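Engineer: This is the structure alone, sequence omitted:
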């Protein structure tokens, strides 16, 4: 299936130069009276190299057919650093390299269900929900009486994610965190 360059979005996987590429960044520029251009930053899923490409709005790219399967995150292999997932239907185990998913894994707890993306039987990445619930493991102390301003302090979640939380949040509390921005969204219930 072909798609115009102007319709590309972050997170799409396209076939470009006979390789799979993940769109990392996308900007549409219309400089004054000149022709519109699209600046696309893509990661080659075979070599993990990053490519910056300027494309015209009418350029056609082929969107890769992706298979989405529910998997359970098992553990991070200490030997090779790979993240290991188990398919919940076939019970096959799949490994994903840190280059592909390490930035997303700070939102995933061990034994949590996630959606893993596959292309022709090869695991490519992890799809996260828009927000996750994580437990605060460490939180800085807050200055007493400083409740007039929206004061924030540093905290660390159970997955090792460093976030800024309001002063009233303490260690052991559950919080909702955006997986897109990494920002605190509110308290969560167990």
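Structural biologist: Received, thanks. No experiment lies behind these values; they were computed from the predicted model shown. Residues are numbered from 1 along each chain as shown.
Engineer: Please state the backbone phi and psi of residue 45?
Structural biologist: Torsion angles at residue 45 (phi, psi; degrees, to the nearest 10) stand at phi -80, psi -10.
Engineer: Return the distance of it relative to residue 124.
Structural biologist: Per CB to CB, to the nearest Å, residue 45 is found 6 Å from residue 124. Quick note: C-beta positions are derived from backbone N, CA and C, even for glycine.
Engineer: Spit out the residues that contact the two alike.
Structural biologist: Residues touching both residue 45 and residue 124 (CB atoms under 8 Å, 6 or more residues apart in numbering): 13, 20, 22, 100.
Engineer: residues in contact with the last one?
Structural biologist: If a contact means CB under 8 Å, 6+ apart, then residue 100 has 45, 48, 124-125 as its contacts.
Engineer: Output those in TSV, with pLDDT appended to each entry.
Structural biologist: Formatted as TSV, the contacts of residue 100 follow (pLDDT from 0 to 100):
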residue	pLDDT
45	81
48	77
124	84
125	84
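Engineer: Of these, select the buried ones using a PyMOL command.
Structural biologist: In PyMOL, this line selects whichever of those come out buried by 16 or more other CB atoms under 10 Å:
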select buried, resi 45+124+125
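Engineer: domains of the chain?
Structural biologist: Per automatic domain parsing, the structural domains of the chain span 2-63, 67-127, 131-187.
Engineer: Can you check the distance spanned by the shortest one, start to finish?
Structural biologist: It stands for domain 131-187. Distance between the two ends of domain 131-187: 12 Å, counting by CA to CA, to the nearest Å.
Engineer: The longest one too?
Structural biologist: This stretch, domain 2-63, spans 6 Å end to end (CA to CA).
Engineer: Likewise for stretch 3-11?
Structural biologist: Terminal residues of stretch 3-11 are spaced 14 Å apart (CA to CA).
Engineer: before we move on, back to that, buried only: go through the shared contacts of residue 45 and residue 124 for me.
Structural biologist: Among these, the ones that count as buried by 16+ other CB under 10 Å are 13, 20, 22, 100.
Engineer: and for stretch 20-34, what are the contacting residues?
Structural biologist: By CB under 8 Å, 6+ apart, the surrounding residues in contact with stretch 20-34 are 6, 8-15, 36-46, 50-51, 57, 64, 119, 124-125.
Engineer: from the residues you listed, which ones fall inside helices?
Structural biologist: Among the contacts of stretch 20-34, no residue falls in helices (DSSP state H).
Engineer: on that earlier part again, from the buried ones among the shared contacts of residue 45 and residue 124, pick the one nearest residue 180.
Structural biologist: Nearest to residue 180 among those: residue 22, at 15.8 Å, using CB to CB.
Engineer: In a strand, that closest one, correct?
Structural biologist: Yes. Membership of residue 22 in a strand is supported by DSSP: H, G, I helix; E, B strand; the rest coil.
Engineer: Neighbours of the closest residue to residue 6 other than its chain neighbours, how many?
Structural biologist: Distance criterion CB to CB, 6 or more residues apart in numbering; nearest residue to residue 6, sequence neighbours excluded, is residue 57 at 4.2 Å. Using other CB atoms under 10 Å, the number of residues around residue 57 comes to 14.
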